[in-house]
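[1] I need the structure of the sequence given here:
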Amino acid sequence: MKTLCRLLLIATTAGLAVGADGEAHGGGASTSAAAAFGADRFLLFPNPIVLPDGGFETDSSAYAEAYYRAIDSNNDKDTLDKWKRANGFGGRTGTEHLAVFRDARDLGYGRRMTGRLNPDGSIAFVVENYSVTAVPGSGYSGLNVEAAIQHDSKWHIGTNAIEWSASPCTADDPPDCKPSVRFAKFYNFSAETGERRLAVDLDGKGMKAMPGPCVTCHGGRGDPLTPTDARTGKPRFALVENSLSRKRGDTDGRLQGLDVDAFEFSGRTGWRRGDQEAALKDFNKWVLCTYPLPAASALPEDQCRVAAGPNDYQGAAAEMLKAWYGGPGMPNAVLADDYVPAGWNANTTLYKQIVAPYCRSCHAVRGTGNQSDIDFMTLDKFRSYADRIKINVFDRGNMPLALIVHADFWDSPAPASLAAYVDSLLGAHTATTANGAPLRPGRPIADPGPNRMVRTNADATLSASNSLFATSYRWSIVATPPHGIAEITNPMARIATFRARVAGRYTVRLTVSDGSRSDSRAAAITADDDFPDPSAIRYADVKNVLRNVSGCVACHKTAGSPQPANTPPIWYTDFDRNGDAATDAIDDRWLFKELVGRVNLTDVSASPLLRKPSGDHHKGGKLFDLTTRAGLAQYSIVYSWILTGAQADGKRVRADNLVNGAAR
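    Sure thing, here's the model as predicted:
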């Protein structure tokens, strides 16, 4: 959804620290996992690996350091001056513009933005951000844009940069790395020293490590770091398997268009909107150049675009950007944002009231050629996420994904309209109270986990850890099969134990409370004599399911197979992952880390490792068919592994016969 980091392109990436002195503080970032629910989850990836200190890997200094090593291995751009020189600023060739404005929709800062198109086709933007805070009530006033025009260092609070450029391939990259392919890189520089910074506070919710606060909204990914490299003693930045560049450091992030209608301009001659409209249109044409082209085009504005790869981003935002200037050919000199995608013709009101102001900026640049439903460019795509919209907006409260946009959303009629729409899809009062008002995040939410399978006469964990805003917990058994016998140990605890003595389907209910309000939800637990002991399930069993019994490797296999190279984001077959010319145990450690990175510990049922193969937003279809015994068993093996800590070793459980068996 629309977040603060969309300002990376229009005026910021990451570096708008809001300490008392207006400067970024500290070189690292650590966010408590316990505080990561609700509003404190703004601008963080949803599937973080939890570190021993309770922080998240994607929100750590090590993550930011590995990112910068990947995109700037020789530290050629570790200061603002060096970054500018490397990107040709002030050079005699190329095209360079300056624009100054205030983004009235989001942070309200004055933006002094210089953009550059180089002769080699690379693009770069550097932005100085200004906030006049000494005058009472001036934080969001036109004084900010005046400070930016005057280049007043007193109110300069941060400098940020983004470049779309190619990088040479290194020994860290795979053999099929493509050094000529450009991708987006995000930087954050100190306002005082010009040194590159590792973390940023965009909303007063604490420092967050680069590049996360930017690429969460720029279509990027938060894949885990690789295991520590034996040669350097440091982890490498994640390798995005389906990126077009095949370059370490390519997060698949995208540049965003500049919605000029959301800007406020000075009344001074030379700095009015009309004075700067031509430069801003050039900026938007350059952004269009960064979007891969799905099909051949004779339009002049498309000649700078590179053909999309087999599963590369297909440029859903390109149509919108063109529409801002009159459509194909971009004939209009002045931007007018009245765009509604054709796929929304059946409900233009919902698009204009909800998607355009609160979702579109981030979602329009998300997705891939195979899985583009996350871009919300049609009503059907938006509707397909109804269950997650309900959870993230009305339960967890972490969407919209930025604090100010979140506040604007809840201060508008949008929640009522969205809640009514969710009710129409999922059932009455799913997102509304009995009186029809939209539910608000902050109330207790019970989460007993998904329906799953366990083994008879074996202990199975019941976890209420993903419940929200609760201080007390109570587990109970509310239904049993004929002659069923089961018990719950520690039923008043957040973590309890379930044991069924007789095979069959049981229903457990979790009730949580915050002392004044309560919530109660049930989950079905199927006890099976042949299912493995849930507490003994390890990585080897999950790998066996993914490789041998679920059908996943029909797509998730290495290049050289009949499928196009780089189609999935992760491959389950054996191959040389770390570039040492061998397929060995080290590569298996890398696969383990990749799998753990697809686990969402703050919302386990939303883990891609569970959600996608069970049929939600998965091109391969429903591989874990939860209506069958075999499918439920496959799903439950993965779930049990997550619930017991996603362990790498331990007793190997032979579950082949069970998960290969026919439904019964």
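[2] can we go C-alpha only for contacts and neighbour counts from here?
    OK.
[3] neighbours around the nearest residue to residue 429 once chain neighbours are set aside, how many?
    Of all residues not flanking residue 429 in the chain, residue 423 sits nearest, at 6.0 Å (Cα to Cα, 6 or more residues apart in numbering). Per other Cα atoms under 10 Å, the neighbour tally for residue 423 reads 19.
[4] that's a strand at residue 351, yeah?
    No - Residue 351 is assigned helix when assessed by DSSP: H, G, I helix; E, B strand; the rest coil, not a strand.
[5] Do I have it right that it meets residue 344?
    Yes - between residue 351 and residue 344 there is a contact under Cα atoms under 8 Å: 6.8 Å.
[6] Could I get the contacting residues of residue 236?
    66, 67, 70, 172, 225, 226, 227, 228, 229 (Cα atoms under 8 Å, 6 or more residues apart in numbering).
[7] repeat that with 6 Å
    66, 225, 226 (Cα atoms under 6 Å, 6 or more residues apart in numbering).
[8] again with residue 399
    Contacts of residue 399 (Cα under 6 Å, 6+ apart): 392, 393.
[9] and if you look at residue 641?
    Counted by Cα under 6 Å, 6+ apart, residue 641 has contacts 537, 538.
[10] That one falls within a helix, correct?
    Yes - with three-state DSSP as the criterion, residue 641 is located in a helix.
[11] ok, so what distance separates the residue nearest to residue 429 from residue 383?
    11 Å (Cα to Cα, to the nearest Å).
[12] Any idea how many residues pack against residue 585?
    By other Cα under 10 Å, the residues close to residue 585 number 10.
[13] pLDDT at it, what is it?
    Here, the pLDDT recorded for residue 585 equals 88.
[14] coming back round to it: helices - which of the contacts of residue 236 land there?
    residue 66 (DSSP state H).
[15] which residues of the stretch 101-250 of the chain score low on pLDDT?
    107, 134-140, 202-204, 230-231, 242 (pLDDT under 70).
[16] how about the helices of it, start to end?
    143-150, 212-215 (DSSP state H, counting those that start in this stretch).
[17] export these to CSV and tack on distance to residue 482?
    As requested, the helices of the stretch 101-250 of the chain are exported to CSV (distance: least, Cα to Cα, whole Å):
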stretch, distance to residue 482
helix 143-150, 71
helix 212-215, 51
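[18] who wins for proximity to residue 525 among the ones you listed?
    helix 212-215 (37.0 Å; Cα to Cα).
[19] Toward the C-terminus, what is the element adjacent to that closest one?
    Following helix 212-215 in sequence order, the next helix or strand is strand 263-264 (DSSP states H and E).
[20] Find the least confident helix or strand in this protein, judged by mean pLDDT.
    Lowest by mean pLDDT, DSSP states H and E among the helices and strands of the chain is helix 7-10, with a mean of 26.
[21] Flag the shaky bits of the stretch 551-664 of the chain, pLDDT-wise.
    Applying pLDDT under 70 to the stretch 551-664 of the chain flags residues 559-567, 649-664.
[22] okay, now the domains of this structure?
    10-284, 345-438, 452-528, 535-660 (automatic domain parsing).
[23] looking at those, which is closest to residue 327?
    Judging the domains of the chain by Cα to Cα, what sits closest to residue 327 is domain 10-284, at 13.1 Å.
[24] Take the helices of the stretch 101-250 of the chain and lay them out in TSV including mean neighbour count and distance to residue 602.
    Formatted as TSV, the helices of the stretch 101-250 of the chain follow (neighbours: other Cα atoms under 10 Å; distance: least, Cα to Cα, whole Å):
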stretch	mean neighbour count	distance to residue 602
helix 143-150	22	38
helix 212-215	29	17
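[25] so which of those helices gets nearest residue 595?
    The nearest among the helices of the stretch 101-250 of the chain, by Cα to Cα, is helix 212-215 at 19.4 Å.
[26] just checking, what packs against that closest one?
    Here helix 212-215 touches no other helix or strand, going by 3 or more Cα pairs under 6 Å, 6 or more residues apart in numbering; DSSP states H and E.
[27] what separates that helix from the chain centre, distance-wise?
    Remark: helix 212-215 is offset 8 Å from the chain centroid, using Cα atoms, centre = their mean, to the nearest Å.
[28] now stretch 392-412, how far from the centre of its chain.
    On Cα atoms, centre = their mean, the centre of stretch 392-412 falls 16 Å from the chain's centre.
[29] try stretch 171-187
    Here the centre of stretch 171-187 is set off from its chain's centre by 21 Å, with Cα atoms, centre = their mean.
[30] Buried residues, stretch 187-205. List them.
    187-191, 194-203, 205 (16 or more other Cα atoms under 10 Å).
[31] nope, stretch 480-490 is what I meant
    480, 486, 488.
[32] Just the pLDDT at the first one, thanks.
    Residue 480 is assigned a pLDDT of 98 by the prediction.
[33] Excluding residues flanking it in the chain, which one is nearest it?
    According to Cα to Cα, 6+ apart, the nearest residue to residue 480 is residue 506 (4.5 Å).
[34] got it, and the last one?
    Beyond its immediate neighbours in the sequence, the residue positioned closest to residue 488 (Cα to Cα, 6+ apart) is residue 498, lying 4.6 Å away.
[35] gap between the two ends of stretch 603-610?
    Terminal residues of stretch 603-610 lie 11 Å apart, using Cα to Cα.
[36] hmm, who's touching that stretch?
    By Cα under 6 Å, 6+ apart, stretch 603-610 touches 466, 598, 599, 600.
[37] Would you convert those residues into JSON lines that also reports secondary structure, distance to residue 274 and neighbour count?
    Shown next, in JSON lines, are the contacts of stretch 603-610 (DSSP: H, G, I helix; E, B strand; the rest coil; distance: Cα to Cα, whole Å; neighbours: other Cα atoms under 10 Å):
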{"residue": "466", "secondary structure": "coil", "distance to residue 274": "51", "neighbour count": "18"}
{"residue": "598", "secondary structure": "coil", "distance to residue 274": "47", "neighbour count": "21"}
{"residue": "599", "secondary structure": "coil", "distance to residue 274": "49", "neighbour count": "25"}
{"residue": "600", "secondary structure": "coil", "distance to residue 274": "47", "neighbour count": "21"}
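[38] Just give me the closest of the residues you listed to residue 305.
    Nearest member of those to residue 305, counting by Cα to Cα, is residue 598, at 31.4 Å.
[39] longest helix in the chain, by residue count?
    Under DSSP H, the chain gives helix 273-289 as its longest helix.
[40] Need the contact partners of the helix or strand just after it.
    Going down the chain from helix 273-289, the next helix or strand is helix 316-323, by DSSP H and E. Residues from elsewhere that reach helix 316-323 (Cα under 6 Å, 6+ apart): 330, 364.
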